[in-house]
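Visitor: got a predicted structure here, sequence first:
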Protein chains: 2
Amino acid sequence: MKVRTGVVSLLCVTLLGAAGQAGAEEPIQPIAPVKEINLAKAELGKKLFFDPRLSKSGFISCNSCHNLSMGGSDNIKTSIGHNWQKGPINAPTVLNSSLNFVQFWDGRAETLKDQAGGPIANPGEMAFTHEMAEDVLTSIPGYVTEFKQVFGDDTINIDRATDAIAEFEKTLVTPNSRFDQWLLGDKKALNEDELAGYKLFKDSGCISCHYGEAMGGTSFQKMGVMEEYKSKSPTEGRKAVTGKDEDRFAFKVPTLRNVELTYPYFHDGEAETLTEAVDVMGRLQLGAEFTKEQNAQIVAFLKTLTGDQPSFTLPILPPSTEKTPQPKPFE
Amino acid sequence: MKVRTGVVSLLCVTLLGAAGQAGAEEPIQPIAPVKEINLAKAELGKKLFFDPRLSKSGFISCNSCHNLSMGGSDNIKTSIGHNWQKGPINAPTVLNSSLNFVQFWDGRAETLKDQAGGPIANPGEMAFTHEMAEDVLTSIPGYVTEFKQVFGDDTINIDRATDAIAEFEKTLVTPNSRFDQWLLGDKKALNEDELAGYKLFKDSGCISCHYGEAMGGTSFQKMGVMEEYKSKSPTEGRKAVTGKDEDRFAFKVPTLRNVELTYPYFHDGEAETLTEAVDVMGRLQLGAEFTKEQNAQIVAFLKTLTGDQPSFTLPILPPSTEKTPQPKPFE
């Protein structure tokens, strides 16, 4: 491995700083199980998360692109939206998204609740409007009852719907990965290769961005630091939010939790495998060229980050009625 | 209500015959709970049912159009296939489909297993090939292990995959509807309007096609007996299988179980509500014009046919590997 010294020194300081602040021995903390959830609200949010009637077509739900059977992602480069439109960006996993400091790759939403309203009204995604979504929900007696149960009165609006979706999403944390078992004291939970991968992950500087409970989701970083990243994607990242040139190609650092499940990688989904992603990240972000063995060790470590996947009963959605606006899949 | 006498007489004979054969007082039998299931095979089949990697795009799974959150249907007129193609026909519910005498509206598959292979390879639906599906499954270690566990050796092929999907589908029966509770002796399970609706359902002749455990799925019938059915759909039904002119517009009688959840109705999905469906069926199939009150009573009865929906944990799919063929959503 070749590493440019200046960068590593800087990274090490960052790393030590982060570890010191946390007061822990390791710069990564185990995923904490869910606490303080409003269960009734989360149950309502689960239904809404799975409900394609929040889209114009009646075919696309939150779960279509953040598929909870598949690591909370869609496992395709960029998502498919209304009328099979090709999305501009790779769908980030919804797993552990409550740990992100902001939402979306460019951080344009501050909260999970704000995020949840985005795709519903995005013409390239669910292609609906918040007003239409409210009309649909208000027309369904099963939802009317449940909203009242959860919120205490008859009002159904997008604010409450996204609040409920966000509450459900808070439950989507994935504790108990093998790495977390190791962090919690089970020193047999990782094998030698995996531990060597973790040491490389820290020593080479990956940790300087992928630290904390979620191993990411805590900062924006430029894609392509030591070398330019050549992408076919027109997406400019954080610049779209701030308008600042220095934010061009800055993206929220994605979580590495469950990364074995959330392929393909990067904002454009161009890295199909972990091997490729580790290689590109090493070269472009750290100026490091990992040997084949080192790459394999880091990949082995990354595969220990798969936690307990959300386990719940598939929700049964309350049926539409004669008053429910019809979906318009082919308009 | 006006009914043409000749038709009703014929229907009554059919009805009595069916009831007599069953040796029961009623021409409809309660849905029996699932028996004799190979659980490991059904669990594998559940994963496959939810796995969009059985489609070319990596986006469409069996559950996309037979959504088990929504009565095993997609609740749109005709389904959306690969590249947002508009399907030619309304997706029939997968619920209680094991009770159908044949599968598809035109009966072109004899078994659930045969049916399951159809959409995977249909260019207008999942747009994959059976060979590609086999390649995908064979590349996924989680599936390799599970197929071996279920079938006893290393062979993974479409035959076994569809066998497993069919085994899962056998579990998708919906016992315990209020009507079944009534059939089983709880005479308070239905109210007066619902009972009046059931009486009308029998007396006017609906029962002559919608009888038995599933209340349908036991015969082909011409759509439009007393009056021609005018459809925008070019689908000709059973004729596509037999080539016979007399089978033009003959379709498998759909089950009425869970009919409140499986809107819109008919092979072309043109009836948006139960009210409309009952009205059209009465006029076209029976020559009966139900009054508004009669229609409402029949609809009230039909809403008692919603049984216990399948209740299971959302499956977590085994991840792809570097060997897994990439999905091709935009080709």
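Guide: That came through, no problem. Numbers count the residues shown, from 1 in each chain, chains lettered A, B, ... in the order given.

Visitor: please name the nearest non-neighbouring residue to the closest residue to chain B within the stretch 51-200 of chain A.
Guide: Minimum separation of the stretch 51-200 of chain A from chain B (Cβ to the nearest Cβ) falls at A:Trp84, amounting to 3.7 Å. No exception for glycine: its C-beta is placed from N, CA and C like everyone else's. With Cβ to Cβ, 6 or more residues apart in numbering or on different chains as the measure, B:Trp84 is the residue that lies nearest to A:Trp84, at 3.7 Å, once sequence neighbours are left out.

Visitor: thought that neighbour was touching A:Lys86?
Guide: No - B:Trp84 is beyond contact range of A:Lys86, at 11.4 Å (criterion: Cβ atoms under 8 Å).

Visitor: of the two, which one has the most company?
Guide: For B:Trp84 versus A:Lys86, the count of surrounding residues by other Cβ atoms under 10 Å in any protein chain shown is larger for B:Trp84: 16 against 13.

Visitor: show me what contacts that one?
Guide: A:83-84, A:329 (Cβ atoms under 8 Å, 6 or more residues apart in numbering or on different chains).

Visitor: 10 Å instead?
Guide: When the contact criterion is Cβ atoms under 10 Å, 6 or more residues apart in numbering or on different chains, the partners of B:Trp84 are A:57, A:59, A:80-85, A:329-330.

Visitor: tell me the two of these that are most distant?
Guide: For these, with distances taken as Cβ to Cβ, the pair at the greatest spread is A:Ile80 and A:Phe330 (15.5 Å).

Visitor: of the two, who's got more company?
Guide: The neighbour comparison of A:Ile80 against A:Phe330 (other Cβ under 10 Å) goes to A:Ile80, with 25 against 13.

Visitor: select from the contacts of B:Trp84 the one having the most neighbours.
Guide: With neighbours defined as other Cβ under 10 Å, the most crowded of the contacts of B:Trp84 is A:Ile80; it has 25 neighbours.

Visitor: got the residues of the stretch 201-331 of chain A near chain B?
Guide: On the criterion Cβ under 10 Å from any Cβ of the partner chain, chain B has as its neighbours in the stretch 201-331 of chain A the residues A:258, A:260-264, A:272-276, A:299, A:303, A:306, A:308-324, A:326-330.

Visitor: looking at those, which are in helices?
Guide: Where those overlap with helices, as defined by DSSP state H, the overlap consists of A:274-276, A:299.

Visitor: of those, closest to chain B?
Guide: A:Thr275 (6.7 Å).

Visitor: measure the closest one to A:Ile76 for me?
Guide: With distances defined as Cβ to Cβ, to the nearest Å, the gap from A:Thr275 to A:Ile76 amounts to 19 Å.

Visitor: which of those two has more neighbours?
Guide: Using other Cβ under 10 Å, the more surrounded residue of A:Thr275 and A:Ile76 is A:Ile76, with 24 against 16.

Visitor: name the SS class of that one, please.
Guide: Reduced to three states with DSSP: H, G, I helix; E, B strand; the rest coil, the structure at A:Ile76 is coil.

Visitor: assess the claim that A:Leu44 and A:Thr162 are in contact.
Guide: No - counting by Cβ atoms under 10 Å, A:Leu44 does not reach A:Thr162; the two are 11.4 Å apart.

Visitor: show me where chain A has its helices.
Guide: A:5-22, A:39-49, A:62-65, A:112-121, A:130-138, A:141-151, A:158-170, A:178-183, A:192-203, A:239-242, A:274-281, A:292-302.

Visitor: between the ones you listed, which gets nearest to B:Asp247?
Guide: helix A:62-65 (37.3 Å).

Visitor: output the contacting helices and strands for the closest one.
Guide: Using 3 or more Cβ pairs under 10 Å, 6 or more residues apart in numbering or on different chains; DSSP states H and E, the elements in contact with helix A:62-65 are helix A:39-49, strand A:80-81, helix A:112-121, helix A:158-170.

Visitor: rounded mean pLDDT for it, please.
Guide: Here helix A:62-65 scores 98 as its mean pLDDT.

Visitor: centre of the chain to it, how far?
Guide: How far helix A:62-65 lies from its chain's middle: 12 Å, per Cα atoms, centre = their mean, to the nearest Å.

Visitor: may I see the buried residues of it?
Guide: Judged by neighbour count (16 or more other Cβ atoms under 10 Å in any protein chain shown), helix A:62-65 contains these buried residues: A:62-65.

Visitor: now do stretch A:122-142
Guide: Using 16+ other Cβ under 10 Å as the test for burial, stretch A:122-142 gives A:125-128, A:130, A:132-134, A:136-140.

Visitor: alpha carbons only: can I get it in PDB?
Guide: Taking only C-alpha atoms (Å, rounded to 0.1, in the frame of the first residue of the first chain), the coordinates of stretch A:122-142 have been written out as PDB:
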ATOM      1  CA  ASN A 122     -40.900  14.300  -7.100                       C
ATOM      2  CA  PRO A 123     -42.100  14.100 -10.800                       C
ATOM      3  CA  GLY A 124     -39.200  11.600 -11.500                       C
ATOM      4  CA  GLU A 125     -40.000   9.400  -8.600                       C
ATOM      5  CA  MET A 126     -43.500   8.800  -7.200                       C
ATOM      6  CA  ALA A 127     -44.800  11.800  -9.300                       C
ATOM      7  CA  PHE A 128     -47.700  12.600  -6.900                       C
ATOM      8  CA  THR A 129     -48.600  15.800  -5.000                       C
ATOM      9  CA  HIS A 130     -48.900  16.200  -1.300                       C
ATOM     10  CA  GLU A 131     -52.500  17.300  -1.800                       C
ATOM     11  CA  MET A 132     -53.400  14.200  -3.800                       C
ATOM     12  CA  ALA A 133     -51.700  12.000  -1.200                       C
ATOM     13  CA  GLU A 134     -53.800  13.700   1.500                       C
ATOM     14  CA  ASP A 135     -56.900  13.100  -0.600                       C
ATOM     15  CA  VAL A 136     -56.100   9.400  -1.000                       C
ATOM     16  CA  LEU A 137     -55.500   8.900   2.700                       C
ATOM     17  CA  THR A 138     -58.600  10.900   3.800                       C
ATOM     18  CA  SER A 139     -60.700   8.700   1.500                       C
ATOM     19  CA  ILE A 140     -59.600   5.500   3.200                       C
ATOM     20  CA  PRO A 141     -61.600   4.700   6.500                       C
ATOM     21  CA  GLY A 142     -58.800   2.400   7.800                       C
END
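
Visitor: report the residue spans of the stretch 101-250 of chain A with pLDDT below the cut-off.
Guide: Regions of the stretch 101-250 of chain A meeting the criterion pLDDT under 70 are absent.

Visitor: change it to 90
Guide: When residues are selected by pLDDT under 90, those of the stretch 101-250 of chain A lie in A:234.

Visitor: which neighbours do B:Trp84 and A:Lys86 share?
Guide: With Cβ under 10 Å, 6+ apart as the test, B:Trp84 and A:Lys86 both reach A:Ile80.
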